[in-house]
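[1] let's see this in three dimensions:
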Amino acid sequence: MGTRGRSGRGDAERGEMGERMQKKRQNYLLSPCLPQPPKLPKLTLPKLIVMETSSISLQVNGKPQTCPPNTVLPKLLEQMNLNPRLVAVEYNGEILHRQFWDTTQIQEGDRLEIVTIVGGG
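    As a prediction, this is how the structure comes out:
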């Protein structure tokens, strides 16, 4: 048996009435008469522009040095006033054979060890 509250209605009647009120409220909120929020334009993010730096940093024989981007190894040696025929190059911990010098492009953070051959007696 249901209990009666102040309104004189039982639990079942209150439940049905509550459901009806909830439906009315939902219908009211979905009513086309209510102003709808304005549609916002889609946001588009600008494309990331990558700017090339004017120089890259590297280490040569433990000392910091810079060179222009896209520099190949023979060009770097030339900029350092070194004769490519008279040096051996360790590139990032590995001896780099001469056949790869023309295609080895210097990158940011590279570590070079350059040993000059000295003749004499």
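
[2] distance of the residue nearest the centre of the chain relative to S55?
    Among the residues of the chain, L48 comes closest to the average C-alpha position under CA atoms, centre = their mean, at 10.2 Å. The spacing between L48 and S55, counted by CB to CB, to the nearest Å, is 22 Å. Glycine gets a C-beta too; all of them are placed from N, C-alpha and C.

[3] now swap in L77 and tell me
    17 Å.

[4] which of these two has more neighbours?
    L77 (20 against 12; other CB atoms under 10 Å).

[5] count of neighbours near the residue nearest to that one when sequence neighbours are not counted?
    In this structure, L77 finds its nearest non-sequential neighbour in P84, 4.9 Å apart by CB to CB, 6 or more residues apart in numbering. Neighbour count for P84, taken as other CB under 10 Å: 14.

[6] can you check A88 too?
    A88 is flanked by 13 other residues according to other CB under 10 Å.

[7] over to V89?
    Around V89 there are 23 residues (other CB under 10 Å).

[8] that one contacts I114, correct?
    Yes - here V89 lies in contact with I114, judged by CB atoms under 8 Å, at a distance of 5.6 Å.

[9] joint contacts of those two?
    Any residue near both V89 and I114 by CB atoms under 8 Å, 6 or more residues apart in numbering counts here, and that gives L77.

[10] show me which residues of stretch 111-121 are buried.
    Neighbour counts over stretch 111-121 (16 or more other CB atoms under 10 Å) mark 112, 114 as buried.
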